[in-house]
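Novice: sequence unavailable; structure follows:
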């Protein structure tokens, strides 16, 4: 099990004028369609799942911004994983919600 937080920072490109987060939303669409648990937050999205699947999803989300037409993208990824840990997003933030 891994928790991966991803923040995509697209620049440039021809996003529709009435959709300022168009490229970020394309990355979130990829995460949503992955079937993994996730939480969209103001400054990033956290993904919960098996490491390889979660990482592949993060990479696909990064690529989705470019495929949607962004001129460039910087993606920041944080990974939390332990050998024998089953910590979930709910374990970490549940008492604060």
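Specialist: On my side now, so go ahead. Note that the structure is a prediction, hence the values are computed from the model and not measured.

Novice: rest of the way, CA atoms for contacts and neighbours
Specialist: Will do.

Novice: show me what counts as buried in the helix ranked longest in the chain.
Specialist: Ranked by residue count, the top helix of the chain under DSSP state H comes out as helix 51-67. The neighbour-count check on helix 51-67 (16 or more other Cα atoms under 10 Å) flags 51, 53-55, 57-59, 61-66 as buried.

Novice: which of those residues has the weakest pLDDT?
Specialist: Note: of the buried residues of helix 51-67, the lowest pLDDT belongs to residue 51, at 94.

Novice: so what's the residue count around the closest residue to that residue other than its chain neighbours?
Specialist: With sequence-adjacent residues excluded and distances taken as Cα to Cα, 6 or more residues apart in numbering, residue 51 is closest to residue 2, at 5.2 Å. Residue 2 has 23 neighbours, counted by other Cα atoms under 10 Å.

Novice: OK, contacts around residue 2?
Specialist: Contact criterion Cα atoms under 8 Å, 6 or more residues apart in numbering gives 48, 49, 50, 51, 54, 79, 80, 81, 82 as the residues in contact with residue 2.

Novice: which one (most neighbours) among those residues?
Specialist: residue 54 (25 neighbours).

Novice: how about the contacts of residue 2, which pair is most distant?
Specialist: Checked with Cα to Cα, those reach their widest spread between 54 and 82, with 14.6 Å between them.
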